[in-house]
Structures are given as structure tokens and as C-alpha cells.
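In: Kindly generate the corresponding structure for this input.
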Amino acid sequence: MTRATAIPLGYTVLVLGTTVVVLATGDESLAGVWLIVVTLPVSLLLQLLPIKGVGLALVLAAGGLAQAGLLHLALRMLAHRSQRA
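Out: Okay, the predicted model is just below:
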């Protein structure tokens, strides 16, 4: 497994694990703050949407997964560029 795969995969596991904890604990806890921190910087933009509760947690998780995909693409491009040089 290359770094271009391992790092985004670890980030994906972190985002999904945090989402499961947030959904399991409910709205009364501060666990949702961890999901916001884990999915930065996209969470700053997604919080502006008029969504609350479980819907916001799912939107933040989707944003985190999109970031993992972008991270994978960026690391793959960097690895490809370093192989050519």
C-alpha cells in the first residue's frame, strides 16, 4: 500500500469513526465538535447550510469523504511527479 492510498484511507476511517460516535451520542453532547474539527476546512463552509442535527453530521461526513478523495488525488499526482523527475 502506497502513501497515496494509506493516508487518505486513514483519514476516511477517522471521519467515518467520528461520525458514528457523533450519531451514537446524540445531540446533547459535544461530540459534534470533533466532527467539525476532523473535517476542517470544508466544515467551515458546510456549517453555513441551513441544516441541523443528524443531517449536518451526514453532510460533514460527506464533505470529509470528499476531502479524502481530493487528498488521494493530490498525493497520487505528487508521487507520479516525483517518479518522472
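
In: now the residue most central in space within the chain: how far from W34?
Out: Centroid-nearest residue in the chain: G64, 2.2 Å away (criterion: C-alpha atoms, centre = their mean). G64 sits 11 Å away from W34, going by C-beta to C-beta, to the nearest Å. C-betas here are computed from N, CA, C, even on glycine.

In: Check A57 too.
Out: Plainly put, A57 is 11 Å away from W34 if you go by C-beta to C-beta.

In: Could you list the buried residues of whatever helix or strand the residue nearest to the centre of the chain lives in?
Out: According to DSSP states H and E, G64 maps onto helix 54-84. The neighbour-count criterion (16 or more other C-beta atoms under 10 Å) identifies 56-57, 59-61, 63-65, 67-68, 71-72, 75 as the buried residues of helix 54-84.

In: so who does G32 touch?
Out: Shown in contact with G32 (C-beta atoms under 8 Å, 6 or more residues apart in numbering): 22, 56-57.

In: Where does pLDDT dip in the protein?
Out: Of all residues in the chain, those with pLDDT under 70 make up the ranges 85.

In: where does the closest residue to L71 other than its chain neighbours land in three-state SS?
Out: What sits nearest to L71 in space, not counting adjacent residues and going by C-beta to C-beta, 6 or more residues apart in numbering, is P8, at 4.7 Å. Following DSSP: H, G, I helix; E, B strand; the rest coil, P8 is assigned to helix.

In: and if you look at L40?
Out: Taking three-state DSSP as the rule, one finds L40 in the coil state.

In: Tell me the spacing between it and S82.
Out: Separation of L40 from S82 (C-beta to C-beta): 27 Å.

In: Send me the helix or strand containing L45 as PDB with only the CA atoms.
Out: Using DSSP H and E, L45 sits in helix 42-46. In PDB, the C-alpha atoms belonging to helix 42-46 read as follows (Å, rounded to 0.1, in the frame of the first residue of the first chain):
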ATOM      1  CA  VAL A  42     -14.800  22.100   4.500                       C
ATOM      2  CA  SER A  43     -16.800  22.100   7.700                       C
ATOM      3  CA  LEU A  44     -16.500  25.800   7.900                       C
ATOM      4  CA  LEU A  45     -18.300  26.200   4.600                       C
ATOM      5  CA  LEU A  46     -20.800  23.400   5.200                       C
END
